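Peer 1: Here is my input, please return the structure:
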Amino acid sequence: MTEFIPPGSQFHALPSPLPLKRGGQLQGARVAYETWGTLAADRRNAVLIVTGLSPDAHAASHAGNPLPGWWEKMLGPGKAIDTERWFVICVNSLGSCKGSTGPASLNPDSGQPWRLDFPALSIEDIADAGVSVVKALGITQLACLIGNSMGGMTALAVLQRHPGIARSHINISGSAQALPFSIAIRSLQREAIRLDPAWNNGSYDEAVYPEAGMRIARKLGVITYRSALEWDGRFGRVRLDSEANDGDPFGMEFQVESYLEGHARRFVRHFDPNCYLYLGRAMDWFDLGEYANGDVDAALAQLRVDKALAIGANTDILFPVQQQQQIAQGLAAGGCDARFVGLDSPQGHDAFLVDFERFCPPVAGFLAEI
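Peer 2: Residues are numbered from 1 along each chain as shown. Next up is the predicted model:
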């Protein structure tokens, strides 16, 4: 059980006890976050970024941590999210292992990691924790709320639970509910972890660790993060050296297999398996339609935000572009000045993390207008 906290993280203590949506509560919980730029005297230039499943709060480099962040090309002085104008906050999701309280954190009642004693986690809980950080900084209304991937769900939950918290919203490759395909993939990921004997009902450690289950889970994820078009163009049917499989007749034979293996091995010891289970299930449970008798469009129309942009990649199979289009149309039906941009990126769901030539201009243009 390990937490992976970036240097330069700041921490906000959440109210204690903290009741969670689906029952249970947390004692002594906290949220890790990082900031960039300067908060204006009137506190009206604040931007909150809520993230996907695995990122930490280190979205970009800063004095406290000069290492490049996961959104380095999007965020910074003169960039699309311009920190010379905006005071930017990025929070690590509640339930994660990157500094915020999650299953890998110590339960203050027992002095041992929470593991599966951690209460059921929802996207709404993650949203509330992020808003708690904002309010602790003395900010009553955000200039913009930005969410990508799982963070797109979190952002919608923020708007639903905290009316008036943001004047504008950018939803990037997000959705208002989990679709069956995405649920199926995450179900297989959880199954891969849970069927690894080393998972041991959540009671593993660094010595006995469900590495095989995590590797398979991560490979499944990576396959859905990119598109078939990119896999074909990037790897084709190029084979590895015939000696590479060490005599295993069913070992790796193609370059794409080697890529997935390398990617998985870099990830498995840097993200806690139980946190992976909890966050994935929280995504599957999320359905904004719950707040409007099952009608997602009606629930979106109830959200109050002045201006919004929903962006997606046309090749995304995990959060299909139709879901971002639905967000824009639903918000517009409620009177929001909302627009949708579908980008012809070949890089699938991960495009917002890599295809900056396409994703930066609409983000920069939207923020220039608010």
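Peer 1: Tell me which other helices or strands the helix or strand of the chain with the lowest mean pLDDT touches.
Peer 2: Using mean pLDDT, DSSP states H and E, helix 228-235 stands out as the lowest-scoring helix or strand of the chain, at a mean of 88. Under the contact criterion of 3 or more CB pairs under 8 Å, 6 or more residues apart in numbering; DSSP states H and E, helix 228-235 touches helix 255-268. To be clear about C-beta, it is placed using only N, CA and C from the backbone, and glycine gets the same treatment.
Peer 1: Let me see the mean pLDDT of the helix it packs on.
Peer 2: The average of the pLDDT scores along helix 255-268 is 91.
Peer 1: Where does the record place the domain boundaries for the protein?
Peer 2: 10-178+288-368, 183-276 (automatic domain parsing).
Peer 1: what about the shortest one, distance to the chain center?
Peer 2: Counting by CA atoms, centre = their mean, to the nearest Å, domain 183-276 is centred 19 Å from the centre of its parent chain.
Peer 1: Same check on the first one?
Peer 2: Mean C-alpha position of domain 10-178+288-368 versus that of the full chain (CA atoms, centre = their mean) differs by 7 Å.
Peer 1: which ones are touching Ser345?
Peer 2: Residues counted as contacts of Ser345 (CB atoms under 8 Å, 6 or more residues apart in numbering) are 313-315, 351, 355, 358-359.
Peer 1: which one of the domains of the chain is the most hemmed in?
Peer 2: Counting by mean count of other CB atoms under 10 Å, domain 10-178+288-368 has the highest mean neighbour count of those, with a mean of 21.
Peer 1: hang on, the earlier thing: identify the residues contacting the least confident helix or strand of the chain?
Peer 2: With contact meaning CB under 8 Å, 6+ apart, helix 228-235 is reached by 254-256, 259, 315, 346-348.
Peer 1: Would you mind measuring from Ala332 to Arg339?
Peer 2: With distances taken as CB to CB, to the nearest Å, Ala332 is found 8 Å from Arg339.
Peer 1: Ok, Glu253 next?
Peer 2: Between Glu253 and Arg339 the computed distance is 46 Å (CB to CB).
Peer 1: Show me the shaky parts of the stretch 1-150 of the chain.
Peer 2: 1 (pLDDT under 70).
Peer 1: rerun at 80
Peer 2: 1-2 (pLDDT under 80).
Peer 1: ok, which stretches of it are strands?
Peer 2: Along the stretch 1-150 of the chain, counting by DSSP state E, counting those that start in this stretch, strands occupy 10-13, 18-19, 25-26, 30-36, 46-50, 75-76, 81-82, 87-91, 144-148.
Peer 1: what's the closest of the ones you listed to Asp117?
Peer 2: Closest approach to Asp117 among the strands of the stretch 1-150 of the chain (CB to CB): strand 25-26, 10.8 Å.
Peer 1: Disregarding flanking residues, what is the spatial nearest neighbour of the spatially most central residue of the chain?
Peer 2: Nearest to the geometric centre of the chain sits Gly52, at 0.8 Å (CA atoms, centre = their mean). With sequence-adjacent residues excluded and distances taken as CB to CB, 6 or more residues apart in numbering, Gly52 is closest to Ser149, at 3.4 Å.
Peer 1: so what's the one you found up against?
Peer 2: Residues in contact with Ser149 (CB under 8 Å, 6+ apart) are 51-53, 172-174, 319, 349, 352.
Peer 1: likewise Phe267?
Peer 2: 54, 214, 218.
Peer 1: Need those residues in TSV (columns: distance to Ser227).
Peer 2: Shown next, in TSV, are the contacts of Phe267 (distance: CB to CB, whole Å):
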residue	distance to Ser227
Ser54	19
Met214	24
Arg218	18
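Peer 1: Now flag whichever of those is closest to Gln112.
Peer 2: In terms of CB to CB, no member of the contacts of Phe267 lies closer to Gln112 than Met214, at 21.3 Å.
Peer 1: so the closest one touches Asp272, yeah?
Peer 2: No. Using CB atoms under 8 Å, Met214 is not in contact with Asp272; the gap is 9.4 Å.
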